[in-house]
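**Q** Provided below for reference: sequence and predicted model.
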Amino acid sequence: MEVTTKKQNRRKIVIGVLIAVAVLVAAVIAFASSYLVNYAIGRSGGGGDREVALDVEAPTDGVEQLIAENRAVQKQANEEFLQQNPGQTVQITAADGLRLNGVYYPNAGSHLWVIALHGYRGSHTGVTNLAQHYHDAGYQVLTPDLRACGDSEGDYVGMGWLDRKDVLQWIDWVLAQDSEAEIVLHGVSMGAATTMMTAGEDTPEQVKVFVEDCGYTSVWDIFSSELKLRFGLPEFPILYTASATARAKAGYGFKEASALQQVQNCEKPMLFIHGTADDFIPYEMMGTLYNAKPGTNKATLTAEGAGHGEAMDVLGDTYWNTVFDFEGQYMAG
């Protein structure tokens with residue numbers, strides 16, 4: 001009897017220890033998941049402070065020199081553009097009540113419009129180069145601050161998924177100014193993902209062309225890559241639980257936020273741009289996205305040796321000639 005009681009006590013102790021360990025592990029995972037969500041998409045998170053990189057071929061000295069020269073020219077062009085076109089602050093209210101800000105650069109008499117979308121944790125100032133070139137080409141320009149970025153409200157970055165609905169409202173804003181508008185969406189990085197995610201929605205006929213520059217296939221894919229690079233961790237279990245946490249806190253999960261799925265629904269023209277030396281969003285993603293988009297009204301532009309968001313800096317006039325030639329096929333002008 002005494003032996004049986006001792007065995008039962010040992011079993012209870014083992015079970016108790018296992019339960020305690022399980023609870024501790026669950027608590028650690030929950031903490032890590034919450035930390036990752038706040039770090040990656042929380043408004044004040046540190047996800048933009050990136051010191052690690054994908055293993056890619058380093059750009060040559062010639063490419064680095066070209067980037068430096070073109071950036072200097074573009075900086076001067078941006079300064080002159082803003083001096084001549086200070087822009088007008090405009091606002092919309094998102095479906096969930098957030099106040100979203102943007103800057104509008106009028107171009108009197110033109111029915112050509114572009115909505116230029118900035119990258120991760122950026123603001124409208126990050127696409128001043130887009131605004132300058134489009135405005136000089138005769139377009140009216142709208143540069144929104146995406147939610148939880150710049151002067152727009154929000155606690156969590158939408159990574160393009162929440163922003164796609166906001167962009168639909170910005171499109172409505174444009175049409176309220178000009179019912180004859182012909183609209184291009186042109187985004188870089190997260191703005192490119194936003195462009196592709198919006199492209200999968202039912203957009204008005206006035207939306208003519210989409211241009212994505214170095215966008216990612218999905219939020220899951222890019223966070224999986226970053227989780228490994230920054231923290232040396234696999235997807236399971238943290239990314240799964242973090243995705244569930246993001247759904248509860250921010251209103252979306254990482255897997256559903258898929259540009260790849262959205263481009264499969266896009267029947268309108270799309271130009272895909274990417275640099276071969278992108279150490280953040282793999283160059284191979286462009287091919288995956290291009291192949292997923294149905295139809296023949298699509299094209300790619302490769303920037304040899306360009307890092308993340310550097311295609312414009314490497315290609316210079318070739319970038320813009322390609323963009324405007326592609327858009328010109330589908331817009332009346």
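**A** Structure's in. What do you need? Numbers count the residues shown, from 1 in each chain.
**Q** Please count neighbours and contacts with C-alpha atoms only from this point.
**A** Noted.
**Q** and residue 170, how many residues sit next to it?
**A** Residues lying near residue 170 (other C-alpha atoms under 10 Å) number 22.
**Q** Then the one 5 residues further on?
**A** Here the number of neighbours of residue 175 (other C-alpha under 10 Å) works out to 18.
**Q** Tell me who's in contact with the residue nearest to it when sequence neighbours are not counted.
**A** Closest residue to residue 175 apart from its sequence neighbours, by C-alpha to C-alpha, 6 or more residues apart in numbering: residue 181 at 6.5 Å. Neighbouring residues of residue 181 by C-alpha atoms under 8 Å, 6 or more residues apart in numbering: 111-113, 174-175, 206.
**Q** one more time with 7 Å, if that's ok
**A** 111-113, 175, 206 (C-alpha atoms under 7 Å, 6 or more residues apart in numbering).
**Q** what do you get for residue 90?
**A** 101-104.
**Q** any idea which of the contacts of residue 181 has the most stuff around it?
**A** Of all these, the most densely surrounded is residue 113 (28 neighbours; neighbours counted as other C-alpha under 10 Å).
**Q** The helix or strand containing it - contacts with which helices or strands?
**A** In the assignment (DSSP states H and E), residue 113 maps to strand 112-117. In terms of contacts (3 or more C-alpha pairs under 7 Å, 6 or more residues apart in numbering; DSSP states H and E), strand 112-117 is packed against strand 140-144, strand 182-188.
**Q** One more pass at 8 Å, please.
**A** Judged by 3 or more C-alpha pairs under 8 Å, 6 or more residues apart in numbering; DSSP states H and E, strand 112-117 is in contact with helix 128-136, strand 140-144, strand 182-188, helix 190-199.
**Q** and the second one, how far out from the chain's middle?
**A** Between the centre of strand 140-144 and the centre of its host chain there is 17 Å, according to C-alpha atoms, centre = their mean, to the nearest Å.
**Q** List the buried residues for that strand?
**A** Neighbour-count burial for strand 140-144, counted by 16 or more other C-alpha atoms under 10 Å, picks out 140-144.
**Q** C-terminal to whichever helix or strand residue 222 is part of, what's the next element?
**A** Here residue 222, judged by DSSP H and E, is contained in helix 219-231. For helix 219-231, the succeeding helix or strand toward the C-terminus, using DSSP H and E, is helix 238-250.
**Q** residues of that following helix that come out buried?
**A** 238-246, 249-250.
**Q** Please identify which of those residues is nearest to residue 89.
**A** residue 250 (26.4 Å; C-alpha to C-alpha).
**Q** So that closest one is in contact with residue 156, correct?
**A** Yes. Using C-alpha atoms under 8 Å, residue 250 makes contact with residue 156 at a distance of 5.9 Å.
**Q** how about the strands in this structure?
**A** 88-93, 99-105, 112-117, 140-144, 182-188, 207-213, 270-275, 298-303 (DSSP state E).
**Q** contacting residues for the residue nearest to residue 66 when sequence neighbours are not counted?
**A** Nearest residue to residue 66, sequence neighbours excluded (C-alpha to C-alpha, 6+ apart): residue 314, at 6.3 Å. Shown in contact with residue 314 (C-alpha under 8 Å, 6+ apart): 63, 66-67, 70, 303-306.
**Q** redo that, cut-off 7 Å
**A** Residue 314 makes contacts with 63, 66-67, 303, 306, as judged by C-alpha under 7 Å, 6+ apart.
**Q** Repeat that for residue 38.
**A** Applying C-alpha under 7 Å, 6+ apart, the residues near residue 38 are residue 45.
**Q** Repeat the analysis, applying 10 Å as the threshold.
**A** Going by C-alpha atoms under 10 Å, 6 or more residues apart in numbering, residue 38 touches 32, 44-47, 155-157, 242, 245-246, 249-250.
**Q** Could you report the distance from it to residue 235?
**A** Going from residue 38 to residue 235 by C-alpha to C-alpha, to the nearest Å gives 17 Å.
**Q** In this protein, which residue is most central in space?
**A** residue 190 (1.1 Å; C-alpha atoms, centre = their mean).
**Q** which residue sits closest to it, ignoring its sequence neighbours?
**A** Excluding the flanking residues, the one nearest residue 190 by C-alpha to C-alpha, 6+ apart is residue 119, at 4.5 Å.
**Q** neighbours around that neighbour, how many?
**A** 25.
**Q** next one: residue 331
**A** 16.
**Q** For it, give me the pLDDT.
**A** You'll see residue 331 listed with a pLDDT of 95.
**Q** follow-up on the earlier one: of all the contacts of residue 38, which comes closest to residue 294?
**A** Lowest distance from residue 294 to those (C-alpha to C-alpha) belongs to residue 157, with 29.0 Å.
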